[in-house]
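Chemist: when you get a sec, could you give me coordinates for this:
(one chain, ligands or ions: 2)
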Amino acid sequence: MPIEIKNVSYTYAEGTPFETTALKDINWKITENSMWVVLGKTGSGKTTLIQTLNGLLIPKNGEILVDGISTKDQKNDIKKIRERIGLVFQYPENQFFLPTVLEELLYAPKNFNKNISQNDILNILNLVGLNRSFLGRNPFTLSGGEMRRVAIASVLSYNPKYIVFDEPTVGLDYSGRKKYGI
Ligand SMILES: Nc1ncnc2c1ncn2[C@@H]1O[C@H](COP(=O)(O)OP(=O)(O)OP(=O)(O)O)[C@@H](O)[C@H]1O
Ligand SMILES: [Mg+2]
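Modeler: Ligands and ions are numbered 1, 2, ... in the order given. So this is what the prediction gives:
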């Protein structure tokens, strides 16, 4: 099943002097087993759109269905949606909240009841171009590119069905970008 974005609009600070309409009547069907790229100038609403996909932002108008589950069903289904959609934030430091890289990598699998072995962790680290010496590091002491790699690893750790990268190349050097084909 797809991710369906139906007539979605999103306005920040509605009814205040700071009111900003970031999304206006967006329709989009994201099919399985496909890769999509969204391009748009600064402030055009890319991050806002991405954050509506897994219910971080709930549009007042329109609806988002993830494999048929509406992001508006916050009470029952938001965990099911977050388990399906892994989000790599534009600013990785917004994603971290635990004192070590190892704990960051173990958090989501534990939260979603998914097994992850020591070997899985080492394979994921290898995939993002890091090694086991990073496991004991505090994520906030990493370089920007290392943070970005850990952020990607922490999403891969629970193997979500969909992965959304907000600004996929931010913080990655040439070899890092080439590794992901971007
Ligand atoms: N928390 C917020 N409160 C008020 N306005 C916001 C907020 N977040 C974003 N905006 C506004 O919404 C619009 C879209 O912002 P958004 O971050 O989605 O753009 P973007 O396409 O991701 O930009 P960039 O390429 O710079 O990352 C902008 O005009 C921005 O100023
Ligand atoms: Mg953005």
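
Chemist: now Asp120, what's its secondary structure?
Modeler: Classification of Asp120 using DSSP: H, G, I helix; E, B strand; the rest coil returns helix.

Chemist: any idea how far it is from ligand 2?
Modeler: 30 Å (CB to the ion, to the nearest Å). Every residue, glycine included, has its C-beta placed from N, CA and C.

Chemist: which ones are touching that residue?
Modeler: Ser157 (CB atoms under 8 Å, 6 or more residues apart in numbering).

Chemist: if I look at it, how far off is Tyr158?
Modeler: Computed as CB to CB, to the nearest Å, the Asp120 to Tyr158 distance reads 10 Å.

Chemist: kindly report the same for Leu53.
Modeler: Counting by CB to CB, the gap from Leu53 to Tyr158 is 16 Å.

Chemist: for this structure, what lies in contact range of ligand 2?
Modeler: Applying CB under 5 Å from the ion, we find that the chain lies next to ligand 2 at 46-47, 90.

Chemist: so which of the residues you listed reach ligand 1?
Modeler: Checking those against ligand 1 by CB under 6 Å from any ligand atom, the ones in range are 46-47, 90.

Chemist: neighbour count, secondary structure and pLDDT for those residues - can I get that in JSON lines?
Modeler: Below are these laid out as JSON lines (neighbours: other CB atoms under 10 Å; DSSP: H, G, I helix; E, B strand; the rest coil; pLDDT from 0 to 100):
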{"residue": "Lys46", "neighbour count": "18", "secondary structure": "helix", "pLDDT": "96"}
{"residue": "Thr47", "neighbour count": "18", "secondary structure": "helix", "pLDDT": "96"}
{"residue": "Gln90", "neighbour count": "17", "secondary structure": "coil", "pLDDT": "87"}
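
Chemist: ok, now which ones touch the residue most central in space within the chain?
Modeler: Centroid-nearest residue in the chain, with CA atoms, centre = their mean: Leu87, separated by 0.7 Å. Shown in contact with Leu87 (CB under 8 Å, 6+ apart): 50-51, 53-54, 56, 155, 164, 166.

Chemist: restrict stretch 46-53 to CA atoms and write it as PDB.
Modeler: In PDB, the C-alpha atoms belonging to stretch 46-53 read as follows (Å, rounded to 0.1, in the frame of the first residue of the first chain):
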ATOM      1  CA  LYS A  46       9.900  20.500   2.200                       C
ATOM      2  CA  THR A  47      10.600  19.900   5.900                       C
ATOM      3  CA  THR A  48       6.900  20.700   6.800                       C
ATOM      4  CA  LEU A  49       5.700  18.100   4.200                       C
ATOM      5  CA  ILE A  50       8.100  15.500   5.500                       C
ATOM      6  CA  GLN A  51       7.000  16.100   9.100                       C
ATOM      7  CA  THR A  52       3.400  15.600   8.200                       C
ATOM      8  CA  LEU A  53       4.200  12.100   6.900                       C
END
